[in-house]
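A.B. asks: Sequence and predicted structure are below.
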Amino acid sequence: MIPAVVPCTDRALWDDHVDRFQGHPQQLWGWGETKAMHGWSVDRVLVNDGGTTIGCAQLLVRRLPLPFRALVYIPRGPMCEPEHAQAVLNRLAEHAAVRHRGVALSIEPDWDQDSVYAGAVASAGFRPSANTVLIPRTLILDLTKSDDELMADMSKSTRANIRKAMRSDVEFRKVKNDAELEQVLAIYHETAERAGFGIHEDQYYRDIFRNMGDGSPVIGAFDGEQLLAFVWLARSGSTAFELYGGVSAEGQKQRVNYGVKWAALQSMREDGCRRYDFNGLLNDGISDFKKQFAKHENMLLGTWEKPLSPLYPAYAQAMPLARRGLQTARRVLKVAAGRVRPLIQRVRPGS
């Protein structure tokens, strides 16, 4: 019998399936709900073989200019057991072609590069792609380890900075409300300008905070009511995934970014997570900071695409050029925003 692809429209049932398959938090209902508010459409489907669900995936669909029609993307999915991977991928690709008329199905699974899943992906007709969204080179910590075991893998200076921060008067706790969230966003803007990376509009982050609820905790370092640093996560039943982080100038002086990272690790373990993913390693200062927390690195399977249209070769050639153009536009806008913001502050009443 050929497995059937059926929609899932029940939030509780969907999130139960994500946890049953030990899925990634970017497959949770609330993450898809947020993406649907910001340019994507969402299709959540179960792959059923008889009366058994053997896999599932939250598909994000982005409309493309004609003649390409649509890109179908599965972030950190699909979810299934290794023995069902090829069948699940085949059915999802057929669904993406028929239901969404996609030019390609792009997947970035939460599977290790050297796992048994790799062969199934290739056998299902997928090919490696450079159109990467989620960086496969990362750092994943095993939260079943004790504090002593986790610290043993850290650098000596990192352990010292953590202990100093935890002995200070700074309080490490979850962000509670919208007013504290606005402090998070202010520090994130400050951090992005200092480090030179682009960010979304503020409403995008507010929507994540609202739509994911307990599934997207923000761990903050507070000096009284003043936020000094934060780590923003998404979490499923098994996996905690860093989304964003930031530290103020004062927080840097006090090195509370070490303490807030440690507090995030402990908080996610208390919430029942077994894996903590630092969300990508590049050759930059932020990644150098992440690498102080362990001696190893992890490599996930990466980005794979299955062509669904004769137009795929043209799409594959055009996509990198379009992305580079978008990145250039964002850099120009960032520079312009940096020039305009001081002018606004000068004329703002009470500033």
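C.D. replies: Yes, it's here.
A.B. asks: give me the low-pLDDT residue ranges for the stretch 101-250 of the chain?
C.D. replies: Counting by pLDDT under 70, the stretch 101-250 of the chain contains no low-confidence residues.
A.B. asks: Going along the chain, name the strands of it.
C.D. replies: Assignment of strands within the stretch 101-250 of the chain using DSSP state E, counting those that start in this stretch yields the ranges 104-108, 127-128, 137-138, 140-142, 171-174, 218-223, 226-235, 239-247.
A.B. asks: Let me have the ones you listed in JSON lines, extended by mean neighbour count and distance to W304.
C.D. replies: Yep, even glycine has a C-beta here, placed from its N, CA and C like the rest. Formatted as JSON lines, those follow (neighbours: other CB atoms under 10 Å; distance: least, CB to CB, whole Å):
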{"stretch": "strand 104-108", "mean neighbour count": "26", "distance to W304": "5"}
{"stretch": "strand 127-128", "mean neighbour count": "13", "distance to W304": "6"}
{"stretch": "strand 137-138", "mean neighbour count": "17", "distance to W304": "16"}
{"stretch": "strand 140-142", "mean neighbour count": "18", "distance to W304": "20"}
{"stretch": "strand 171-174", "mean neighbour count": "16", "distance to W304": "36"}
{"stretch": "strand 218-223", "mean neighbour count": "23", "distance to W304": "32"}
{"stretch": "strand 226-235", "mean neighbour count": "25", "distance to W304": "22"}
{"stretch": "strand 239-247", "mean neighbour count": "24", "distance to W304": "20"}
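A.B. asks: got those strands as TSV, with distance to R275 columns?
C.D. replies: Putting the strands of the stretch 101-250 of the chain into TSV (distance: least, CB to CB, whole Å) gives the following:
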stretch	distance to R275
strand 104-108	16
strand 127-128	24
strand 137-138	11
strand 140-142	6
strand 171-174	20
strand 218-223	17
strand 226-235	10
strand 239-247	5
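A.B. asks: what's the closest non-adjacent residue to Y258?
C.D. replies: N161 (3.8 Å; CB to CB, 6 or more residues apart in numbering).
A.B. asks: check contacts around that neighbour.
C.D. replies: The contact partners of N161, taken as CB atoms under 8 Å, 6 or more residues apart in numbering, are R255, Y258, G259.
A.B. asks: so which strand or helix has Y315?
C.D. replies: Per DSSP states H and E: Y315 is located in helix 312-347.
A.B. asks: about what we covered before: what about the residue nearest to Y258, distance to E190?
C.D. replies: N161 sits 21 Å away from E190, going by CB to CB, to the nearest Å.
A.B. asks: got it, and A234?
C.D. replies: Applying CB to CB to A234 and E190 gives a distance of 22 Å.
A.B. asks: wait, what's in contact with G39?
C.D. replies: Counted by CB under 8 Å, 6+ apart, G39 has contacts R62.
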